[in-house]
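K.L.:
would you be able to build a 3D model of this:
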Amino acid sequence: MNPKQVKNLLVAQIKLVSANAKSFCVDSEKNFSRKRKLTMEKIIAGIIGMGSGSLTNELVDFFNDSSETPTSSAFCQQRCKVSVEAFETVFRLFSKKLFDSFKADLPILAVDGSKIQIPTDPTDADSFFPGTNGQKPYNMVHLNALYDIKHQLYLDAVIQKAKFENEDVALTEMVDRSPLHNALLMADRGYESYNNLSHIQEKGWYFLFRIKDGPTGIKQGLILPDASSYDVNIELNLTRKQTNEVKELLKDKNHYKFISTTRVFDYLPIKKQEIGTDKFLQAIIQNREISSVGRYLRNNHNQSSFRKISSWGNKETLCFKMGN
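P.N.:
All right, here's what the predicted structure looks like:
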């Protein structure tokens, strides 16, 4: 798809959203109820196409310095009438249309987060920081993005206020709502957790994660061979119970794992249950050397027997499966 086709596709999605303006304005009864020069379509297209210049200069460029060029004040007034959902919808429609135009191979995705400084607003306490050591006050948000590596396309994003950023919550949210039936998701070590991996697996995806070296990593709770690379299967049963019987089982580290109630894990209940009614959640963990991962996924991406995580370099590679 050439640049002109991509632009036309984006414009078409903006028109589609603008045609349903009542659903994407702050006040559906009053906003955009009369015919104006600054329509919702022009507001959305103008904001998406803006560069780094002043608002006045950007408006002059967008309207080609014509007599129809609105003032900055008029533009801001109309901008406040458009809801955030309008831009989210344009983004999702545009990304999906682009993604659907590509050949249907196994998508290779990456997820990561990044802090973004936004205009200073002391009234937004959830993102405002007063600054220290002579630093000026500032506001910050955290962008979590799901990215298609092969096609260089953003498929989803979650923006969080900096004081409440949570990359794990953002990851599971993007995975759960994705329309993709299968994919390979790669992530850095900060995303390694039983809960994240289980959400990815329940979605039917594969994963390739860098794993933690410290005492909080999944591999630290396992007895693994003292070798640079190895291939060994480990069947691991997860539970929140702490009965005497369970504590005896937990001594076998390669088969039983306790998940505390303070740890987020959506597939095991936190509330106390009667003895004998709580089932273990089973996981199968397999360690492989990194060179085998690509071939293994190509040969098995239509099967549901394994899900993979891994690190890059000479770290261990984990294969993970969870179920009742």
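K.L.:
just the helices in this structure please.
P.N.:
Counting by DSSP state H, one finds helices in the chain at the ranges 3-18, 40-48, 55-62, 72-79, 84-100, 167-177, 194-202, 244-249, 293-300.
K.L.:
closest one to Ser33 among these?
P.N.:
Judged by Cβ to Cβ, the one of those that comes nearest to Ser33 is helix 40-48, at 11.4 Å. The C-beta positions use only the backbone N, C-alpha and C, and glycine is treated the same way.
K.L.:
quick check: buried residues in the closest one?
P.N.:
Buried residues in helix 40-48, defined by neighbour count with 16 or more other Cβ atoms under 10 Å: 40-46.
K.L.:
and what of stretch 61-81?
P.N.:
62-63, 69-70, 75, 78, 81.
K.L.:
just put these in CSV and tack on distance to Ile270.
P.N.:
Shown next, in CSV, are those (distance: Cβ to Cβ, whole Å):
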residue, distance to Ile270
Phe62, 52
Phe63, 57
Thr69, 58
Pro70, 54
Phe75, 50
Gln78, 47
Lys81, 43
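K.L.:
looking at those, which is nearest Lys163?
P.N.:
Nearest member of the buried residues of stretch 61-81 to Lys163, counting by Cβ to Cβ, is Lys81, at 28.2 Å.
K.L.:
if I look at the closest one, how far off is Lys15?
P.N.:
Note on Lys81: its distance to Lys15, by Cβ to Cβ, to the nearest Å, is 18 Å.
K.L.:
what's around Tyr256, how many residues?
P.N.:
The burial count assigned to Tyr256 is 18, neighbours taken as other Cβ atoms under 10 Å.
K.L.:
what distance do you get for the residue in the chain sticking out farthest from the centre to Lys37?
P.N.:
No residue in the chain sits farther from the centre than Ser67, which is 43.2 Å out by Cα atoms, centre = their mean. Note on Ser67: its distance to Lys37, by Cβ to Cβ, is 10 Å.
K.L.:
strands of the stretch 101-250 of the chain, residue ranges please.
P.N.:
Assigned by DSSP state E, counting those that start in this stretch, the strands in the stretch 101-250 of the chain fall at 108-118, 128-129, 138-148, 153-161, 184-187, 206-209, 232-239.
K.L.:
and the first one, average pLDDT?
P.N.:
The one in question is strand 108-118. Strand 108-118 carries an average pLDDT of 95.
K.L.:
next one: stretch 266-286
P.N.:
pLDDT averaged over stretch 266-286 gives 56.
K.L.:
what does stretch 155-168 give?
P.N.:
So the average pLDDT for stretch 155-168 ends up being 95.
K.L.:
now do the end-to-end distance for that stretch.
P.N.:
One end of stretch 155-168 to the other measures 17 Å (Cα to Cα, to the nearest Å).
K.L.:
contacts for it next, please.
P.N.:
Contacts of stretch 155-168 with the rest of the structure, by Cβ atoms under 8 Å, 6 or more residues apart in numbering, involve 91-92, 95, 99, 109, 113, 115, 124-127, 129, 139-148, 170, 173-174, 177-178, 180, 190-191, 193, 195-196, 264.
K.L.:
for my notes, please list the buried residues of stretch 61-81 in TSV and give pLDDT and distance to Lys203 for each entry.
P.N.:
Shown next, in TSV, are those (pLDDT from 0 to 100; distance: Cβ to Cβ, whole Å):
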residue	pLDDT	distance to Lys203
Phe62	90	40
Phe63	89	45
Thr69	89	47
Pro70	89	45
Phe75	91	41
Gln78	90	40
Lys81	92	37
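K.L.:
ok, those residues vs Asp231, which is closest?
P.N.:
Among the buried residues of stretch 61-81, and counting by Cβ to Cβ, the member closest to Asp231 is Phe62, at 58.7 Å.
K.L.:
go ahead and confirm the closest one touches Ile47.
P.N.:
No: the pair Phe62 / Ile47 is not scored as a contact, 9.6 Å apart, by Cβ atoms under 8 Å.
K.L.:
joint contacts of these two?
P.N.:
By Cβ under 8 Å, 6+ apart, Phe62 and Ile47 have no common neighbours.
K.L.:
now do stretch 29-47: distance to the chain's middle.
P.N.:
On the basis of Cα atoms, centre = their mean, to the nearest Å, stretch 29-47 sits 31 Å off its chain's mean C-alpha point.
K.L.:
and it, what's its mean pLDDT?
P.N.:
For stretch 29-47, the per-residue pLDDT averages 87.
K.L.:
first vs last residue of that stretch, how far apart are they?
P.N.:
So stretch 29-47: terminal residues 23 Å apart, Cα to Cα.
K.L.:
out of the strands of the stretch 101-250 of the chain, which comes closest to Ala19?
P.N.:
That would be strand 153-161 among the strands of the stretch 101-250 of the chain, by Cβ to Cβ, at 23.8 Å.
K.L.:
and Phe137, how far from Phe129?
P.N.:
In this structure residue 137 is Pro, not Phe. 7 Å.
K.L.:
so between those two, which is more surrounded?
P.N.:
Neighbour count, other Cβ under 10 Å: between Pro137 and Phe129, Phe129 has more, with 16 against 11.
K.L.:
could you find the closest non-adjacent residue to the more buried one?
P.N.:
Tyr138 (5.6 Å; Cβ to Cβ, 6 or more residues apart in numbering).
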